[in-house]
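Visitor: compute the structure for the input listed below.
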Amino acid sequence: MPETTEPTAPPASLRALRAEVLATLSPAVAAVAPDVGKLAASFAYGEIWPRAGLSPRDRSIATVAALVTLNCTEELRLHTLRALANGVTKEEIGEILTQLTPYVGFPLVVSAAAKIADLVERATPAESPGGTPR
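Guide: Here you go, the predicted structure:
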C-alpha cells in the first residue's frame, strides 16, 4: 500500500512568513507591554545588531543558539527567519540545532526544531525581510 503524505504548505517569502508570525505575536505583546517593541527596535536592532564586530549572519547564528538554549520559541521563529535572510541556510539551521544537542539537551533541541520546522520548510532562499536591519 503506498504511503500517503500530508500536503505541505506552499513556499513563502521571508517577508510573508515574518508577517504571519508577527500577526499573532505583536498584538499579544503590545496588549501587555506596549513599550517592548520600541525597546527592541531602539536597543537590540538600533544599537546591538548594527555593531561592526560580527556580521549579521554571525549575529543570527548566535541569536538562534541563545534562543534555543533559553527555550524562547516565539522569538526563535522570528530569528530563524532573520537568520535565513542573513544568509544562514536551511541546512545550517539544522546543524546549529545538532551542535546544540550535547550542550543543551535533546528536549530543548527537539522543541526548537518542532517550533521552526514549518518556517524552515516553507521559506524561500535568503532575501532581506525589508525595512528591518539585516
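Visitor: what values do phi and psi take at residue 12?
Guide: phi -140, psi 160 (degrees, to the nearest 10).
Visitor: how far does the longest helix along the chain sit from the chain's center?
Guide: Looking across the chain with DSSP state H, the single longest helix is helix 14-32. Chain-centre distance of helix 14-32: 12 Å, with C-alpha atoms, centre = their mean, to the nearest Å.
Visitor: quick check: what element follows that helix along the chain?
Guide: Scanning forward in sequence from helix 14-32 by DSSP states H and E, the next helix or strand is helix 36-39.
Visitor: give me the next element, helix or strand, following that next one.
Guide: Heading C-terminal from helix 36-39 (DSSP H and E), you reach helix 56-70.
Visitor: closest to the centroid, which residue in the chain?
Guide: The chain has residue 80 as the residue nearest its centroid, 2.0 Å off, counting by C-alpha atoms, centre = their mean.
Visitor: torsion angles phi and psi at residue 123?
Guide: Torsion angles, degrees, to the nearest 10, at residue 123: phi -70, psi 140.
Visitor: which one is it nearest to, not counting chain neighbours?
Guide: Computed as C-beta to C-beta, 6 or more residues apart in numbering, the closest residue to residue 123 that is not its neighbour in sequence is residue 84, at 5.2 Å. In this view, the C-beta of every residue, glycine as well, is placed from N, C-alpha and C.
Visitor: report pLDDT for residue 127.
Guide: As predicted, residue 127 sits at a pLDDT of 51.
Visitor: element containing the residue nearest to the centre of the chain?
Guide: Per DSSP H and E, residue 80 falls inside helix 73-85.
Visitor: burial count for residue 98?
Guide: The local packing of residue 98 (other C-beta atoms under 10 Å) involves 11 other residues.
Visitor: which one is the residue nearest to the centre of the chain nearest to, not counting chain neighbours?
Guide: Using C-beta to C-beta, 6+ apart and skipping the chain neighbours, the partner closest in space to residue 80 is residue 116 (4.6 Å).
Visitor: how near is the closest residue to residue 22 other than its chain neighbours to residue 89?
Guide: Distances taken as C-beta to C-beta, 6+ apart put residue 78 closest to residue 22, at 7.3 Å, once the chain neighbours are dropped. For residue 78, the distance to residue 89 equals 18 Å [C-beta to C-beta, to the nearest Å].
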